[in-house]
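A structural model of the following input is requested.
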Amino acid sequence: DRFLGIMATQAGRMSRLIDDLLSLSRIELNEHIPPEGDTDLVLAVLDVVDALTPLAAERKVSIDTDLPAPGRIVVPGDRDQIVQVVQNLIDNALKYSPDGARIGISLQTGQSAEAAVKAQSPEASRLSLLVPDPGPGLFAVLRVTDSGLGLARENLPRLTERFYRVEGQKSGERSGTGLGLAIVKHIMNRHRGGMAVESLVGRGSTFSVYFPARHGVTK
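This next block holds a predicted model:
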């Protein structure tokens with residue numbers, strides 16, 4: 001039974017790895033093609049939170065949301081890919097937060113690119129992982145904050161590399177594939193958005209992604 005359990009665990013991890021590699025390949029293939037359609041960013045976040053709430057409840061992790069009403073933040077983009085961005089970021093926060101911790105999710109619109117990456121904590125290390133083309137447009141910003149161990153400054157530039165793992169960081173029972181943040185970066189690049197990370201060792205991390213906003217109301 002013990003060896004069968006190990007085999008099942010490794011087979012599950014291999015399946016997730018194949019799924020992520022195929023997903024990344026499809027995203028790269030279409031990365032130069034602008035996405036079509038509109039996505040209600042609030043509903044996309046709520047769908048992911050609903051799906052992950054049972055997993056969070058198992059570990060007594062609370063997910064606190066600060067969101068406007070549905071329909072208030074609409075961005076141009078591929079809904080499936082945007083949901084994938086949201087899911088990867090929240091899933092990462094769950095993996096690296098200890099049992100009983102808190103995850104914070106917030107959405108704002110009407111933000112400049114500078115405001116989108118503005119430091120939330122003056123003590124934290126901060127780095128832009130993807131910068132959109134310069135312009136006067138406004139952005140809708142999603143921030144996901146975890147209560148994990150945090151990341152040292154020297155680790156931040158490599159976070160979106162494929163298969164990169166921070167030494168000493170454990171991702172709980174469900175080990176990741178090391179491709180989640182790479183997928184997020186490629187999707188955000190296709191959507192002409194940006195991505196940033198802010199972290200403080202011992203106090204957790206905040207990942208921010210920001211999409212060009214089609215319309216919305218500033219909170």
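
What are the buried residues along stretch 87-100?
Residues of stretch 87-100 classed as buried: Gln87, Asn88, Leu89, Ile90, Asp91, Asn92, Ala93, Leu94, Lys95, Tyr96, Ser97 (neighbour count, 16 or more other C-beta atoms under 10 Å). Yep, even glycine has a C-beta here, placed from its N, CA and C like the rest.

Now do that stretch, average pLDDT.
Stretch 87-100 shows a mean pLDDT of 90.

What of stretch 114-122?
82.

Kindly report the same for stretch 188-198.
So the average pLDDT for stretch 188-198 ends up being 93.

Report the buried residues of it.
Buried-residue list, stretch 188-198, by 16+ other C-beta under 10 Å: Met188, Asn189, Arg190, His191, Arg192, Gly193, Gly194, Met195, Ala196, Val197, Glu198.

Please convert those to JSON lines, extending it with secondary structure.
Putting the buried residues of stretch 188-198 into JSON lines (DSSP: H, G, I helix; E, B strand; the rest coil) gives the following:
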{"residue": "Met188", "secondary structure": "helix"}
{"residue": "Asn189", "secondary structure": "helix"}
{"residue": "Arg190", "secondary structure": "helix"}
{"residue": "His191", "secondary structure": "coil"}
{"residue": "Arg192", "secondary structure": "coil"}
{"residue": "Gly193", "secondary structure": "coil"}
{"residue": "Gly194", "secondary structure": "strand"}
{"residue": "Met195", "secondary structure": "strand"}
{"residue": "Ala196", "secondary structure": "strand"}
{"residue": "Val197", "secondary structure": "strand"}
{"residue": "Glu198", "secondary structure": "strand"}
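
Which residue ranges of this protein form strands?
38-40, 62-66, 73-76, 102-111, 125-130, 139-145, 194-200, 204-212, 215-216 (DSSP state E).
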